[in-house]
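Engineer: here is a sequence with its predicted model. Questions after.
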Amino acid sequence: METKRAGDLMIPLDRYPHIPYWFTLRQAMVEMEKSEIEIDGRKSLPRVVLVFDETYRLLGMIRRRDILRGLEPSFLTSQPLEYRKKLFDVKMDPNLSMLSPERLLEGLRERAERPVRDVMRPIQVTVEFEDHMVKVIYEMVDNNLSLLPVLQNGKVVGVVRSVDVFHEIAQLLL
């Protein structure tokens, strides 16, 4: 049995969520929440949204945790990590429960209007449509990625997700 190539494993770009860099974090959340990907009868929600410029040049990607990081209030992001951890330690500050939910929600709404370009991750690794599955695996593992854009003739035509590569390997081995 011949193993597959990136193009065989990819989700075509028209079936994968992608947005322009000027979209807000809120709009990226909407895109993630409304997108459902179905492959071979298996459904899943995307963990990543691709980000493009006006000319459809791939600029980056934004993950769920990037959006969550982007929603953090500025009083937290300006402080060292150890200080931030202590803020949420109820043993250190029993008054944490007195934080105003309305004020917190207002801050989240404000931060959700930030553009995705503020928190997106630049694309550093891609694979070609004809690249062998082994190269896809190598790039994912070596670069600690769960999604790789697939290029053909210099243009993004889709993405390969680690879950789909894993499924393909499982089919071969099990």
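Structural biologist: Noted; the coordinates are in hand. What you are looking at is a predicted structure, and each value in this text was computed from that prediction instead of being measured. Residues are numbered from 1 along each chain as shown.

Engineer: please enumerate the strands of this protein.
Structural biologist: Using DSSP state E, the strands found in the chain span residues 11-12, 18-20, 37-39, 42-44, 48-52, 58-63, 121-122, 127-128, 147-152, 155-161.

Engineer: which residue ranges of this structure form helices?
Structural biologist: Along the chain, counting by DSSP state H, helices occupy 6-9, 25-34, 64-71, 74-77, 81-87, 101-111, 133-142, 162-173.

Engineer: still on that earlier bit, make CSV out of the strands of the chain and add mean neighbour count, distance to P115 and mean pLDDT.
Structural biologist: Every C-beta, even on glycine, is put in place using the N, C-alpha and C of the backbone. Formatted as CSV, these follow (neighbours: other Cβ atoms under 10 Å; distance: least, Cβ to Cβ, whole Å; pLDDT from 0 to 100):
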stretch, mean neighbour count, distance to P115, mean pLDDT
strand 11-12, 14, 25, 96
strand 18-20, 18, 9, 97
strand 37-39, 14, 25, 86
strand 42-44, 10, 27, 86
strand 48-52, 22, 10, 96
strand 58-63, 20, 10, 96
strand 121-122, 12, 14, 95
strand 127-128, 20, 28, 98
strand 147-152, 21, 21, 97
strand 155-161, 21, 20, 96
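
Engineer: could you redo the ones you listed as TSV and give each row distance to L172?
Structural biologist: Shown next, in TSV, are the strands of the chain (distance: least, Cβ to Cβ, whole Å):
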stretch	distance to L172
strand 11-12	20
strand 18-20	30
strand 37-39	16
strand 42-44	17
strand 48-52	25
strand 58-63	28
strand 121-122	31
strand 127-128	19
strand 147-152	19
strand 155-161	16
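
Engineer: relative to K135, which of those is closest?
Structural biologist: Among the strands of the chain, the nearest to K135 by Cβ to Cβ is strand 127-128 (6.3 Å).
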